[in-house]
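*Asks:* starting from these lines, generate the structure:
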Amino acid sequence: MKRSITKFLAVLFLFASVAYAADPLPSWNDGTAKQSIITFVEKVTTPGSPDFVPVPERIAVFDNDGTLWCEEPLPVQLYFVIDRVKALAPQHPEWKTQEPYASLLKGDAKGVMASGERGLVDLIMATHAGMTTEEFEQIVKDWIATAKNPHTGKLFTEMTFQPMQEVLAYLRANGFKTYIVSGGGIEFMRAWSQQVYGIPPEQIVGSSIKTKFEMRDGQAVLVRLPELNFNDNNAGKAIGINQYIGRRPIMAFGNSTGDKEMLQYTQGGSGARFELLVLHDDPAHETAYGPARGLPSVPLVHFTQELDDYAKQNGWTVVSTKNDWKTIYASQPAVTAIDILLEPDATMLKHAAANNQQLLAVYPQGFALDEGHRPHITLVQRFVRTADLDEVYAAVEKVFAIANVKAMKLEAFKYYYAPTGATGVAGICAKPTPELLKLQADVIAAVAPYTVETGPVSAFTAPMDDAASNAAFIQYVSTFVPKLTGEHFNPHVSIGVAPKDYLDKMVAGPFEPFTFSPAGAAVFQLGPYGTAAKKLAEWNM
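*Replies:* Now for the predicted structure:
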């Protein structure tokens with residue numbers, strides 16, 4: 001039994017199958033809220049279902065503050081504003097008497113709030129403008145790496161909601177593209193969203209200030225101006241979705257009146273639709289605010305009784321953080337399971353996509369090559385210390401830069417599949433050239449100082465459904481080096497799933513070799529069954 005489980009997992013690791021944990025939302029209590037998410041996803045992703053939605057139309061949008069991470073006692077970006085004002089204060093002696101700066105520097109929150117929305121806008125402009133977009137991005141990255149909530153002592157990046165992280169992973173595993181649509185600053189969120197949520201910068205919609213083009217020392221830059229460009233809140237969220245995404249979402253998640261129009265816009269489309277609001281009602285483990293259901297009122301954020309009533313009347317799911325969530329914050333594991341991989345160029349993507357469509361025509365239950373199943377060649381899988389991830393990225397980046405990866409020429413020479421019961425997971429194999437083998441060896445050496453022999457199941461984005469599978473899962477990554485590297489390396493790109501009899505004919509049939517190159521590289525956190533579930537870092541070669 002143990003041997004069969006290990007073999008089965010190895011196959012799924014090699015080919016990044018669509019398999020997912022039996023319980024995709026383990027941090028949710030069983031109940032109406034959890035079931036509403038699973039039921040909706042199943043009906044829109046099941047071929048032949050009257051509610052089936054093609055992959056390109058599977059768009060899910062999420063508010064950020066209060067929906068994906070903490071929002072009380074202040075939205076995280078306001079803590080950034082506070083720290084920036086303090087850092088810049090020596091350059092602005094006039095702030096000692098000028099509001100709202102004077103109140104902020106004295107720690108007088110009421111004085112700051114008395115300045116109203118205009119005062120908050122002034123603070124944002126003073127701290128977010130007057131620099132290039134690259135300079136601002138670096139300031140945010142430096143801040144978010146060490147910034148902590150003054151009440152919990154946790155890093156803000158440790159205060160994301162574990163149940164919602166599971167929803168993000170579950171949707172992506174089912175072909176959804178996930179977007180953040182927030183009233184927060186778009187460039188503030190872009191600096192860390194990929195690392196924290198696995199959501200890349202191009203899938204962020206938010207408020208913005210104006211920029212202008214300049215040439216500085218022969219370099220083209222964009223300079224941030226102290227003038228509002230777009231307010232992505234309330235009705236602005238629906239407008240932002242149209243402007244930045246261009247498709248009406250089929251799922252929307254929020255937590256306050258500022259999200260109402262986004263959910264209304266989502267519901268207004270044809271076909272199956274899903275809307276969810278997070279109601280914070282657990283002061284013992286996080287916070288509680290309303291004023292709906294008699295909960296306390298707080299500044300800036302409002303979940304009104306009117307919103308609560310509207311949600312019930314329109315069939316929206318309302319999540320109680322007290323009753324529907326087993327845990328609140330995503331824990332930061334000491335160890336992370338990573339997949340260091342190469343992303344192929346357009347030539348391979350074209351072949352993989354064509355093969356994938358053929359396999360889906362034969363076996364519609366298989367997986368499409370999409371955001372949740374991006375074609376790639378795994379170089380190495382390892383357990384590394386979470387605290388050393390930045391060092392891992394830097395070390396790997398140096399290897400890729402020296403290797404001139406994009407210049408590599410790889411030959412795709414055959415089809416391959418591994419059986420998984422009555423079906424098989426198919427791939428296109430590439431010849432392991434000396435250059436590719438050296439790259440793999442160099443990557444292994446580069447990350448060696450940061451690796452650990454093994455890790456817990458918490459090192460992955462989510463566990464599987466039984467202890468035996470989890471154990472085999474961990475063993476696979478623990479022994480990836482040396483069992484699947486060097487002379488045992490089988491570089492390949494997964495292309496889909498089909499019945500074995502079909503795959504036998506495909507493998508036995510003709511294969512016209514072609515040459516392709518890597519177009520980029522990335523580090524992902526591994527998910528259930530070896531899926532590249534959460535992008536942590538990437539490099540465009």
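*Asks:* when you work out contacts or count neighbours from here on, use the C-alpha atoms and nothing else.
*Replies:* Fine.
*Asks:* neighbours around the nearest residue to residue 54 once chain neighbours are set aside, how many?
*Replies:* Spatial nearest neighbour of residue 54, chain neighbours left out: residue 45 (7.7 Å); criterion: Cα to Cα, 6 or more residues apart in numbering. Using other Cα atoms under 10 Å, the number of residues around residue 45 comes to 19.
*Asks:* low-confidence ranges, the stretch 251-400 of the chain, go.
*Replies:* Low-confidence segments of the stretch 251-400 of the chain (pLDDT under 70): 331-332, 371-372.
*Asks:* against residue 418, how distant is residue 30?
*Replies:* Here residue 30 is placed at a distance of 35 Å from residue 418 (Cα to Cα, to the nearest Å).
*Asks:* next one: residue 340
*Replies:* 22 Å.
*Asks:* what's the answer for residue 80, then?
*Replies:* Taken as Cα to Cα, the span from residue 80 to residue 418 is 50 Å.
*Asks:* go on, residue 204?
*Replies:* 37 Å.
*Asks:* the more surrounded of those two?
*Replies:* Remark: of residue 204 and residue 418, residue 204 carries more neighbours, 25 against 19, as counted by other Cα under 10 Å.
*Asks:* burial count for the nearest residue to that one once chain neighbours are set aside?
*Replies:* Spatial nearest neighbour of residue 204, chain neighbours left out: residue 180 (5.0 Å); criterion: Cα to Cα, 6+ apart. Residue 180 has 28 neighbouring residues, counting by other Cα under 10 Å.
*Asks:* measure residue 180 to residue 61 for me?
*Replies:* Distance from residue 180 to residue 61, by Cα to Cα: 6 Å.
*Asks:* ok, residue 249 next?
*Replies:* With Cα to Cα as the criterion, residue 249 and residue 61 are 7 Å apart.
*Asks:* over to residue 486?
*Replies:* From residue 486 to residue 61 the distance is 42 Å (Cα to Cα).
*Asks:* which secondary structure element is home to the residue nearest to residue 204?
*Replies:* Using DSSP states H and E, residue 180 sits in strand 177-185.
*Asks:* quick one: contacts of that strand?
*Replies:* The set of residues that contact strand 177-185 without belonging to it, under Cα atoms under 8 Å, 6 or more residues apart in numbering, is 58-65, 77, 168, 171-172, 199, 203-208, 231-233, 237, 240-241, 371-372.
*Asks:* just checking: what are the partner strands of that strand?
*Replies:* If you go by DSSP bridges, strand 177-185 pairs up with strand 59-62 (parallel), strand 204-216 (parallel).
*Asks:* so of these, which one's packed in deepest?
*Replies:* Of all the strands paired with strand 177-185, strand 59-62 carries the top mean neighbour count, a mean of 24, counting by mean count of other Cα atoms under 10 Å.
*Asks:* neighbours of residue 443, how many?
*Replies:* With other Cα under 10 Å as criterion, residue 443 counts 21.
*Asks:* host element of it?
*Replies:* helix 434-447.
*Asks:* quick one on the thing from earlier: out of the strands paired with strand 177-185, which gets nearest to residue 91?
*Replies:* Among these, the nearest to residue 91 by Cα to Cα is strand 204-216 (22.3 Å).
*Asks:* pLDDT on the closest one, on average?
*Replies:* Taken as a whole, strand 204-216 has a mean pLDDT of 96.
*Asks:* if we can go back for a sec, pull out the buried positions in the helix holding residue 443.
*Replies:* Going by neighbour count (16 or more other Cα atoms under 10 Å), the buried part of helix 434-447 is 436, 437, 439, 440, 441, 442, 443, 444, 446, 447.
*Asks:* who touches the longest helix along the chain?
*Replies:* The single longest helix within the chain, with elements called by DSSP state H, is helix 346-362. With contacts defined as Cα under 8 Å, 6+ apart, helix 346-362 is touched by 366-369, 375, 428, 493-498, 515-516.
*Asks:* show me how far the helix or strand hosting residue 43 is from its chain's centre.
*Replies:* Assigned by DSSP H and E, residue 43 falls within helix 32-45. Here the centre of helix 32-45 is set off from its chain's centre by 20 Å, with Cα atoms, centre = their mean, to the nearest Å.
*Asks:* next: stretch 314-331.
*Replies:* Here the centre of stretch 314-331 is set off from its chain's centre by 19 Å, with Cα atoms, centre = their mean.
*Asks:* who touches it?
*Replies:* With contact meaning Cα under 8 Å, 6+ apart, stretch 314-331 is reached by 27-31, 33-34, 36, 158-163, 165, 274-282, 285-286, 308, 311.
*Asks:* separate out the buried members of the residues you listed.
*Replies:* Counted by 16+ other Cα under 10 Å, the contacts of stretch 314-331 give 27-29, 33-34, 158-163, 165, 274-282, 286, 308, 311 as buried.
*Asks:* give the helix, strand or coil label for residue 454.
*Replies:* Secondary structure assignment for residue 454 (DSSP: H, G, I helix; E, B strand; the rest coil): coil.
*Asks:* phi, psi for the closest residue to it other than its chain neighbours please.
*Replies:* Setting aside the residues directly before and after it, residue 454 is nearest to residue 478 in space (Cα to Cα, 6+ apart), at 5.2 Å. Torsion angles at residue 478 (phi, psi; degrees, to the nearest 10) stand at phi -60, psi -30.
*Asks:* since that was my last question, I'll sign off now.
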